[in-house]
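*Asks:* Below: sequence and its predicted model.
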Number of protein chains: 2
Amino acid sequence: MSGRAVTIAEVARHAGVAVSTVSYVLSGKRTISADTRRRVLDSINALGYHPHAGARSLASKRSNVIALVLPLRAGMHVPVLMRFATAVVTAARRFDHDVLLLTADEGPEGIRRVAASALVDALVLMDVELHDPRVPLLRELAEPSVLIGFPAEPAGLTCVDLDFAAAGARCVAHLAERGHRQVALLGAPAVVYERGTGFARRTREGFTAALAVHGLEGVALPCEETFDEVHATVAGLLTSRPALSGLVVHNEAAVNHVLGSLRQLGRRVPQDVAVVAICPDDVAERAGPPLTSVLIPAEEVGREAVRLVMRKLQGLEVPDSTLLPPHLAVRAST
Amino acid sequence: MSGRAVTIAEVARHAGVAVSTVSYVLSGKRTISADTRRRVLDSINALGYHPHAGARSLASKRSNVIALVLPLRAGMHVPVLMRFATAVVTAARRFDHDVLLLTADEGPEGIRRVAASALVDALVLMDVELHDPRVPLLRELAEPSVLIGFPAEPAGLTCVDLDFAAAGARCVAHLAERGHRQVALLGAPAVVYERGTGFARRTREGFTAALAVHGLEGVALPCEETFDEVHATVAGLLTSRPALSGLVVHNEAAVNHVLGSLRQLGRRVPQDVAVVAICPDDVAERAGPPLTSVLIPAEEVGREAVRLVMRKLQGLEVPDSTLLPPHLAVRAST
DNA sequence: TGCGACTGTCGAAGCGCTTCGACGACCGGC
DNA sequence: GCCGGTCGTCGAAGCGCTTCGACAGTCGCA
């Protein structure tokens, strides 16, 4: 194997047809008789032909690669991002596309580079901030793009995300159903709110709005991620609000610390304090006790982002905004 | 911006030189006078020229892209993988290469596809198993590759990893220094050992060998990742070995559960039980108490893997095996 | 002064593919 | 039996780049 690569010309010779015929068999852009198609496909298999990606992209002006831009910043929950990433790769393959991985440290310039050099046909951006420096760049790019998350000014962009406001509200509703009257939200670290990251704020807004709807008392606090800080926050909260009996945790790294802290304070879950988390299912399942949770449907979001970007690539219309509904899984913690 | 893309011919015209001259300015493969170089570079900037990646790869037989193959399987610690991934991307950019992300679900065939289609020049594979189905394929590929991790039969391959045996030994040595006589290793879930994943076994071997060296008593156990299972394991261990006073935890997902379990059992860390973890620094720092740990130097490993694969691409010799030494950071848990 | 050895630049030939226009062969309708 | 229309296939013209050989100048040295 792997001497010089097989070219389309060799396939054509082997099958006794013209190069263009092979190309049309592969692309399906012109009708080819069943008989010829067979011969060509047989030759392709016999020779182990794989089209040269560069040649193809040069001739067709399509690279069949999409960029996945994933900044990695403080306070982000890496496992969730990884799930997005693999979901995007899997979905992209279904559309016969590959995925180029871009990180933040090259800055927006990296996006321009891969777009301008025709390395990629389209872009999917993750972890979008309210005032994201990449967003203005996207507007002037010819390549279509989809954002996972929402910037402050999403007009003219295509955005997908879990409906975090609904997720926050769903958690409150669940606690209300269970009869809790005083609840709290432990969210992302303060720095994430300050940066204006959309999902953190939207969860908080949904949470707060739902308190009014259900007539609950509640408070939303940022939450750091070391055990000691979490413990201090939880202890302070329970002291200042003795009647508090429901907790919503929207911080994957802190979830287990919260449970450890409650244990240490002698509060039983769910008898003394009920806990609902917004986090991936596996984290919720592994916790002690397993947590009632709203999962972040990473696979679904990633798949949807790819679907949308592919539609744009075909020139089809897509909605500006796609919000995926939250799903609550009830487990032992409420 | 972004009408039709600027081509090298337009740059050449703008600068008043031949197309080939522009190419040589960019590649540095022939001497060009300082004066001409200036004019060409100015034109490139003025026009915002970016070479067409496909054209370049077609003509030069180099795509300047490397594949990062990262299967995502049960029991793997996603955050660590993500660090590898970003380290690889960052390092690759320093060599003017981009990174194509491949996951497992296309199987080994995906590797063959991207190699045969000249989409990538080289491959970096992560999370290698002892009997990895991708390994035989690599041997017959023309493209150079580097593995992060070791298969059972690494002859003729290039492998990089943290020296997990040394890491396991280092933890034992540390506990011995602190005067502990009876210790235990809580490792990966059983399934990971059964699959023969190298790093899990090597840590255990290093641990076991070091017991003898330091004259300690000890046992190595697999460790599941739900709180309840961890708790059962820890409780069982402390019951069956009352004199046990040192714990090595090589399981990122279980680390916080172990601490929670000890808390619940009324054992203080480090007074009653000392704990050393093999995990990323941020997990160790956030734990309660912050953990003495051997970090998995993901950035370093990723960087080294890229450096090696680039050397191979240049036809240079590289060592078959690169083991990065462990670094122990002492914190509050020992 | 002449001659080889560089230097710096150019022109042209591909790289492997897609796509466009062309063109026989064959069809049905008159 | 002839004509317009498909259908299936072919040949050739690029796509934008790298690289090779060629070739004017220049320079140093005999």
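*Replies:* Thanks, I have it.
*Asks:* where does the stretch 1-150 of chain A dip in pLDDT?
*Replies:* Along the stretch 1-150 of chain A, the model assigns pLDDT under 70 to residues A:1-3, A:73-79.
*Asks:* any chance you could map the helices in it?
*Replies:* A:8-15, A:19-27, A:34-47, A:53-60, A:78-94, A:108-116, A:134-140 (DSSP state H, counting those that start in this stretch).
*Asks:* Of those, flag the one that's most buried.
*Replies:* The highest mean neighbour count among the helices of the stretch 1-150 of chain A, using mean count of other Cβ atoms under 10 Å in any protein chain shown, belongs to helix A:78-94: a mean of 22. Using the backbone N, CA and C atoms, a C-beta is placed for each residue, glycine as well.
*Asks:* And chain A, split by domain according to the record?
*Replies:* A:8-51, A:65-162+A:298-325, A:164-294 (automatic domain parsing).
*Asks:* Same list (those) but as JSON lines, adding distance to DNA strand D.
*Replies:* Below are these laid out as JSON lines (distance: least, Cβ to the nearest atom of the strand, whole Å):
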{"stretch": "domain A:8-51", "distance to DNA strand D": "3"}
{"stretch": "domain A:65-162+A:298-325", "distance to DNA strand D": "8"}
{"stretch": "domain A:164-294", "distance to DNA strand D": "37"}
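*Asks:* Nearest approach to chain B belongs to which of those?
*Replies:* Among the domains of chain A, domain A:164-294 comes nearest to chain B, with 2.5 Å by Cβ to the nearest Cβ.
*Asks:* So the closest one, near chain B or not?
*Replies:* Yes: remark: domain A:164-294 sits within contact range of chain B at A:225-228, A:230-231, A:253, A:256-257, A:259-260, A:263-264, A:285-290, by Cβ under 8 Å from any Cβ of the partner chain.
*Asks:* re earlier: possible to save the helices of the stretch 1-150 of chain A as JSON lines with distance to B:Ile44?
*Replies:* Listed next are the helices of the stretch 1-150 of chain A as JSON lines, based on distance: least, Cβ to Cβ, whole Å:
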{"stretch": "helix A:8-15", "distance to B:Ile44": "33"}
{"stretch": "helix A:19-27", "distance to B:Ile44": "34"}
{"stretch": "helix A:34-47", "distance to B:Ile44": "40"}
{"stretch": "helix A:53-60", "distance to B:Ile44": "20"}
{"stretch": "helix A:78-94", "distance to B:Ile44": "32"}
{"stretch": "helix A:108-116", "distance to B:Ile44": "12"}
{"stretch": "helix A:134-140", "distance to B:Ile44": "19"}
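*Asks:* separation between the residue sitting nearest the centre point of chain A and B:Pro71?
*Replies:* Centroid-nearest residue in chain A, with Cα atoms, centre = their mean: A:Phe84, separated by 3.9 Å. With distances taken as Cβ to Cβ, to the nearest Å, A:Phe84 is found 17 Å from B:Pro71.
*Asks:* Show me what the helix or strand where A:Leu211 lies packs onto, helices and strands only.
*Replies:* Secondary structure assignment for A:Leu211, by DSSP states H and E: helix A:198-214. When contacts are defined as 3 or more Cβ pairs under 8 Å, 6 or more residues apart in numbering or on different chains; DSSP states H and E, helix A:198-214 sits against strand A:159-162, helix A:164-177, strand A:182-186, helix A:190-194, strand A:217-221.
*Asks:* So what touches that helix?
*Replies:* If you take Cβ atoms under 8 Å, 6 or more residues apart in numbering or on different chains as the criterion, helix A:198-214 is touched by A:128-130, A:149-151, A:161-162, A:164-169, A:171-173, A:176, A:183, A:185, A:187-188, A:192-193, A:216-218, A:220, A:248, A:250, A:278.
*Asks:* Mind listing what's buried along it?
*Replies:* The neighbour-count check on helix A:198-214 (16 or more other Cβ atoms under 10 Å in any protein chain shown) flags A:198-204, A:206-208, A:210-211, A:214 as buried.
*Asks:* What parts of the stretch 1-150 of chain A come near DNA strand C?
*Replies:* By Cβ under 7 Å from any atom of the strand, the residues of the stretch 1-150 of chain A that approach DNA strand C are A:4-5, A:7-9, A:19-20, A:22-24, A:26-27, A:29, A:49, A:51-52, A:55-56, A:58-60.
*Asks:* Buried residues in stretch A:249-256, which are they?
*Replies:* A:249-256.
*Asks:* sorry, back to before: nearest to DNA strand C among the helices and strands packed on helix A:198-214 would be which one?
*Replies:* strand A:159-162 (28.7 Å; Cβ to the nearest atom of the strand).
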